[in-house]
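J.: heads up, no residue letters with this:
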C-alpha cells in the first residue's frame, strides 16, 4: 500500500482557448462559486441529498394506493391530482420525461387516478386523455403492471394480467429459471405482486373507477397476449406457459400454493428488515404494503404502519401540490459532490470532506445481501444508493464512494484503509464472466427471461454495462492498477466489444451515449489507454455531436431511436460529461474543449449553481427516467475544475493506493 501520493498532469492551456486575461479569472470564479454553492447544500450529518424527480406515474399510483388503504384524505388527493393535471400535454396525454411524447402507460394511469380523484370523464381534459389512450393503442396495449393494478381493484378482469404465481419462490437457485435470475429491483417488485396475484383480495373501488372506455378495440382485450409470428420463440414459450398457469389457477386444489405463499411472505419480511422499505424503491415498497394488507396485516398493524411511514417520506408537498420521489439518493449524491469538491481544490482535510467521509464510512454495508446467492465466496463491503438498503449494495455507488474517500485525509487512517480494502475486494468479486460489471448482482444476464409477459418494464435482468464497468475501471485505475491486471484486462475487452460502430458507448444509468462515452473515456484515461484507436473514435463522436453553442445534450428519445443519439438541448450535466470525456482523451488544444468550458462558465448562475429542466438520469430505458437535481451542479463543477487542474498541472491528492497483488480475484478468474 502507498499513502498520500499525488499524481500530476503534463498538460498546458489549449492554444485555442481565449486569452488568459479574459478567462482565467472567470474560470476560477466559476469554480469557487460552484464549490461554495455545493458546500452550502451539505447536510449537518455530512451527506448531500438532491431531489430525485420522476414522471407522473408515481403520483397516479399514489392516488390509487391511498384509496386502496382507505386513507384517501381529500386534501392530499386534491394536491396529488393538481400535480398530475398540470403536467398534461396539449394532445391530452402525459409523457415520461420533459419534452417527450405522450406515453400510453403514463396516460392510462393518469386518467384512472384522476377518475378516482373525482374528475368527470366528460370533462374536456379527461375526454382528451381518453382519446389519447385509444390513439396510442388502448388499454389492451398497456404494460402488465398497469393491468395488474387495475385488476387488483376490480377495474379489469384477471384474464388480462400475466400469471405471477408465488410458486416461483420454490424454484431452487440452481434451477435455470428462479427469482435470483431476475434483477434485484424486479425481485422486489414481483414477489409482493405474486402474493397479491394469488390472494386476489376484494378491494373493489367505486363503479365509477372502471376504465372499460379506454379499450381501443373491446373485442381484442387480450391483445397483449398475441402469439409471435415466429412459432418457435421464447415469447411463444412463455405465452404458452402463461396459458397453462391460468388454467392451473382455476383448479380447486393447488398442492404447493400455501407453501409458496409462506416462502414469498418470508422473503418479503426478511428483506424489509435492514432497510427503509422493501428494496428502498417506490414500486417495491408500494407492492409490499399492499401485500401485507392482503395477508391480513392491516394499515394499522405495526409492521404495515412502519412501511407506510417509510413510503410517505417520498412525498414532497409544495403549495397546492404533492409529488413523489421514486427513492432517495444520499450516498450517490454525496460521493459525486465529494469528488467534485476534491477536484475543485478543497484541502483533503477540509472539515466538510472529513465529515462527509465519516458519514460515508458509517454507511458501508457489512451484512449479508442478495448478491451472495451468486457470489458466495466474497465478504460484504459495498455501499447502497440510499440511507439504508443493506440487502442491495451496488457496484456503481461502491466504486464512486471509494474514489471519493481516496481524496480525503481522514483523521483515522486505519479505519479508512480497512473500509476501502473491503470495498475494493467486494468490487472485484462482483465482476461478471464477460469481464464487465452489472449494478447489483453477478452474472444476471439470461436475456430469454425478458420474454416473460410480466417483464415488459424493460429491466428484467442486470447484465454488464459499459457505464458501470467504466466506473470500476476508473476506481481501480485511481488506486494504482494497470492493464496488466487480469480484472482490468477483462474489463477493457468487454468495453471494446460493447462499443458501437460510431465510437460511442451506451449509457444504461444516464442519458445516454454522451454519458456512457464520457464515463468510458475517463476510465480508460486512468489506465493510460486513451491513445488507442477506439478511444479516438469516441472522441471524434463527441466532437461530432457537440452543439454550436459548445454544449452537449441528448434527449432520452435516443433510447428508442438510436438515430437520435447525441441530439437534444444542451444541458449543464451532459455538457460536463462531454467535457470530461474530451479532457480524458482529446488533444488539449482541441477547440471542442474550450467551447464546452465556455458554455459552462457562461451559463453559471450568480449563486454558483446551474439550471437544467431536462431529465438526464435513467431508471429503466424506454420506460422510466429520472432527474437528479444535484447533477447540474456537481458534474459541471468537477469538469471545470478538472480542466483548470489539467491546464495548470495541479497535482491530485490520493490518500491511498494499493498493489493489486494484495487482493483476490473472483474465483475462477
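T.: Noted; the coordinates are in hand. Bear in mind the structure is a predicted one, so any value in this text is a computation, not a measurement.

J.: contacting residues around residue 294?
T.: By C-beta atoms under 8 Å, 6 or more residues apart in numbering, the residues touching residue 294 are 195-196, 199, 201. Heads up, the C-betas are built off the backbone N, CA and C, glycines and all.

J.: that one and residue 266, how far apart?
T.: The gap separating residue 294 from residue 266 is 15 Å, by C-beta to C-beta, to the nearest Å.

J.: what does residue 297 give?
T.: Taking C-beta to C-beta, one finds residue 297 at 14 Å from residue 266.

J.: so which of those two has more stuff around it?
T.: Between residue 297 and residue 266, counted using other C-beta atoms under 10 Å, residue 297 has the larger neighbour count: 18 against 11.

J.: nearest spatial neighbour of that one, chain-adjacent residues omitted?
T.: residue 304 (4.8 Å; C-beta to C-beta, 6 or more residues apart in numbering).

J.: quick revisit: same list, the contacts of residue 294, but as TSV with secondary structure and distance to residue 323 please.
T.: Formatted as TSV, the contacts of residue 294 follow (DSSP: H, G, I helix; E, B strand; the rest coil; distance: C-beta to C-beta, whole Å):
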residue	secondary structure	distance to residue 323
195	helix	28
196	helix	26
199	helix	31
201	coil	28
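
J.: quick one: which of the residues you listed is nearest residue 550?
T.: Nearest to residue 550 among the contacts of residue 294: residue 196, at 51.3 Å, using C-beta to C-beta.

J.: tell me the contacts of that closest one?
T.: Contact analysis of residue 196 by C-beta under 8 Å, 6+ apart lists 148, 152, 287, 290-291, 294.

J.: most neighbours among these, which one is it?
T.: Across those, neighbour numbers were computed from other C-beta under 10 Å; residue 287 holds the maximum, 26 neighbours.

J.: any idea how far that one lies from residue 60?
T.: In this view, residue 287 and residue 60 are 15 Å apart by C-beta to C-beta.

J.: pLDDT score for residue 173?
T.: Note on residue 173: pLDDT of 86.

J.: and if you look at residue 7?
T.: 33.

J.: go on, residue 176?
T.: 87.

J.: residues in contact with the closest residue to it other than its chain neighbours?
T.: Spatial nearest neighbour of residue 176, excluding adjacent residues (C-beta to C-beta, 6+ apart): residue 446 at 7.6 Å. For residue 446, the contact set (C-beta under 8 Å, 6+ apart) comprises 176-177, 181, 461.

J.: count of residues packed around residue 272?
T.: Neighbour count for residue 272, taken as other C-beta under 10 Å: 21.

J.: list the contacts of it.
T.: Residue 272 sits in contact with 278, 288, 303, 307, where contact means C-beta under 8 Å, 6+ apart.

J.: helices of the stretch 301-450 of the chain, start to end?
T.: Under the criterion DSSP state H, counting those that start in this stretch, the stretch 301-450 of the chain contains helices at 302-312, 330-344, 351-362, 395-406, 413-429.

J.: residue 237: which of those is closest?
T.: helix 395-406 (31.5 Å).

J.: now that closest one and helix 330-344, what's the angle there?
T.: If you take axes from the mean of the first three to the mean of the last three C-alpha atoms, to 10 degrees, helix 395-406 sits at 40 degrees to helix 330-344.

J.: what's the angle between helix 395-406 and helix 351-362?
T.: Going by the same axes, to 10 degrees, helix 395-406 makes 140 degrees with helix 351-362.

J.: which helix or strand contains residue 229?
T.: In the assignment (DSSP states H and E), residue 229 maps to no helix and no strand.

J.: enumerate every residue touching it.
T.: Applying C-beta under 8 Å, 6+ apart, no residues qualify as near residue 229.

J.: go again using 10 Å as the cut-off
T.: 235-236 (C-beta atoms under 10 Å, 6 or more residues apart in numbering).
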